[in-house]
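Asker: Structure, please.
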Amino acid sequence: MKHIFYFTADWCGPCKKVRPIVEELIKDGNSFQIIDVDLEKELAKNFEISSVPTFILFKNEKSIKRISGAQTKNQLESFINNE
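Answerer: Here you go, the predicted model:
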C-alpha cells in the first residue's frame with residue numbers, strides 16, 4: 001500500500017498552489033497525510049525536511065522516495081505511480 005506524507009506550511013506560497021492538487025489526488029483515492037511543519041516540528045526534523053512543500057512516498061511503511069517544490073498534478077501522479 002502506498003501512502004504520501006505531504007509536508008506543508010500556512011505561510012508557504014507554493015504549498016497553497018499545490019494544496020488543491022493534493023485534494024484532487026485524495027479524491028482520486030490516493031492516501032496522503034498532510035503535515036504542517038510548524039505544528040509538527042519534531043516530525044519534520046525526523047524526516048530532515050528543509051523546504052516545503054516536500055512529498056515522501058511510502059510503500060509497505062517504508063520511505064522509498066521524495067520530491068520537494070511545487071508540483072503539477074501530472075508530476076505528482078508520476079511520482080506516486082512510478083516507483
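Asker: Is residue 24 within a helix or a strand, and which one?
Answerer: Secondary structure from DSSP states H and E places residue 24 in helix 13-27.
Asker: got a list of contacts for that helix?
Answerer: The contact list for helix 13-27, computed with C-beta atoms under 8 Å, 6 or more residues apart in numbering, reads 6, 8-9, 32, 34, 52-53, 69-73, 76-77, 80. Heads up, the C-betas are built off the backbone N, CA and C, glycines and all.
Asker: taking those one by one, which sit in helices?
Answerer: The members of those that map onto helices under DSSP state H are 73, 76-77, 80.
Asker: picking up where we left off before, from the chain's centroid, how far away is the helix holding residue 24?
Answerer: Helix 13-27 sits 9 Å away from the centroid of its parent chain (C-alpha atoms, centre = their mean, to the nearest Å).
Asker: Next, the buried residues of it.
Answerer: 14-15, 18, 21-22, 25 (16 or more other C-beta atoms under 10 Å).
Asker: pLDDT and distance to residue 2 added to those, as CSV?
Answerer: Shown next, in CSV, are these (pLDDT from 0 to 100; distance: C-beta to C-beta, whole Å):
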residue, pLDDT, distance to residue 2
14, 97, 23
15, 97, 21
18, 96, 18
21, 97, 17
22, 97, 14
25, 97, 11
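Asker: tell me the two of the contacts of helix 13-27 that are most distant?
Answerer: Based on C-beta to C-beta, the longest span within those runs between 9 and 77 and measures 23.4 Å.
Asker: So those two - more neighbours on which side?
Answerer: residue 9 (19 against 16; other C-beta atoms under 10 Å).
Asker: what's the more buried one in contact with, if anything?
Answerer: Going by C-beta under 8 Å, 6+ apart, residue 9 touches 15, 36-38, 52.
Asker: Okay, and which of the residues you listed map to strands?
Answerer: Mapping these onto strands (DSSP state E) picks out residue 36.
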